[in-house]
Every structure is written in C-alpha cells, then in structure tokens.
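Participant: Here is the input, now give the coordinates:
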Amino acid sequence: MARITEAELQQLIERINSKNKVKGDVKKTRKSVMPKIENKPKKSKPKHNESKLQRECVNWFRMQYPNKLLFAIPNGGKRNKFEAKIMKMEGVTAGVADLCLLFGDEKYNAYYFELKVGKNKQTEAQIEFEKYCNANKYCYLLIRTLDEFMEKINKILKN
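Facilitator: Numbers count the residues shown, from 1 in each chain. Sure thing, here's the model as predicted:
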C-alpha cells in the first residue's frame with residue numbers, strides 16, 4: 001500500500017471538503033421549505049445501547065492492543081427479506097457472538113464476547129452457540145459493561 005505525504009493528505013481533505021460546500025447563499029433547508037405539521041406524534045428513536053457498548057469496547061481495544069485482532073461478527077440488525085436471504089447464503093449464523101478475539105493460549109483457541117446491556121438476555125441461539133464454544137476449546141464471555149470488557153481482555157492478554 002502506497003503512503004501519501006502530509007501535503008498530499010491535506011490536498012485530499014481540501015478537495016473533499018470543497019465538494020461538500022453549499023454553493024452561493026442558499027440557506028433553505030427542508031425545515032424552512034416544508035410546512036410545519038402540528039400535532040404530529042414524535043417517533044421515539046431506537047436505542048442502540050449494545051451497539052454503543054460494542055463501539056466503546058472495540059475503540060478501547062484498538063488503542064490498547066493495536067497488534068491483536070478483535071473483530072465484529074455482524075449478525076444482528078433489521079434487514080429486508082432479500083438481504084437476509086443473501087446474508088444467510090453467505091454464512092451468517094444466528095446466535096454467534098458479537099466480537100471475536102483471535103488469540104489462542106493453552107486453554108482456548110479463541111475468545112468470543114457477547115455484549116448485553118441492562119436486563120437484556122441471551123437468545124436461545126446465543127445459548128446454543130455458548131454451549132458449542134464451551135465444548136470446543138473456545139471461550140465465551142457475556143459482557144455487560146466496558147469496565148468488565150477491559151478487565152477480561154487485560155486478564156487474557158497479560159497472562
């Protein structure tokens with residue numbers, strides 16, 4: 001992979017930013033153009049607490065252990081039937097943990113982390129995956145907080 005100089009990077013950033021600028025004095029937004037509708041029920045935004053926890057865990061891990069491989073397994077989320085069928089044919093498997101740490105030691109071949117927040121519980125498929133891991137020299141850990149994740153990772157990688 002070719003490296004670029006600091007000057008080339010700055011030029012690239014300036015080109016990208018210039019393409020995203022609004023031309024002229026146009027200040028109309030959708031809000032200013034569309035009529036206001038009164039008494040419209042507000043939709044509650046979906047909470048992505050497990051996603052937030054996962055991002056925090058991955059960000060912390062990558063800063064602490066840049067030479068180790070932790071990756072996400074994107075099994076969750078809402079998809080239409082067509083996308084779901086394609087993903088299933090590609091190998092998506094229900095119940096597989098959220099994160100995998102490819103790190104083997106004398107006890108385990110790899111470590112899997114299932115992230116849950118609050119009172120969220122494992123699905124039946126996740127429980128089956130945990131059983132599979134336990135029977136096949138893979139460590140399966142249920143994580144509920146960033147502190148818990150940091151503690152487990154440090155214990156795994158510093159032994």
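
Participant: which helix is the longest one in this structure?
Facilitator: Looking across the chain with DSSP state H, the single longest helix is helix 49-64.

Participant: Note down every partner strand of the helix or strand that comes right after it and its orientation.
Facilitator: Using DSSP states H and E, the helix or strand that directly follows helix 49-64 along the chain is strand 70-72. Using DSSP bridges, the strands paired with strand 70-72 are strand 99-101 (antiparallel).

Participant: can you list contacts of the strand it pairs with?
Facilitator: The set of residues external to strand 99-101 that reach it, using C-beta atoms under 8 Å, 6 or more residues apart in numbering, is 54, 57-58, 68-73, 110-113, 115, 153, 156. In this view, the C-beta of every residue, glycine as well, is placed from N, C-alpha and C.

Participant: can you rerun that using 6 Å?
Facilitator: Strand 99-101 has contacts (C-beta atoms under 6 Å, 6 or more residues apart in numbering) with 70, 71, 72, 111, 112, 113.
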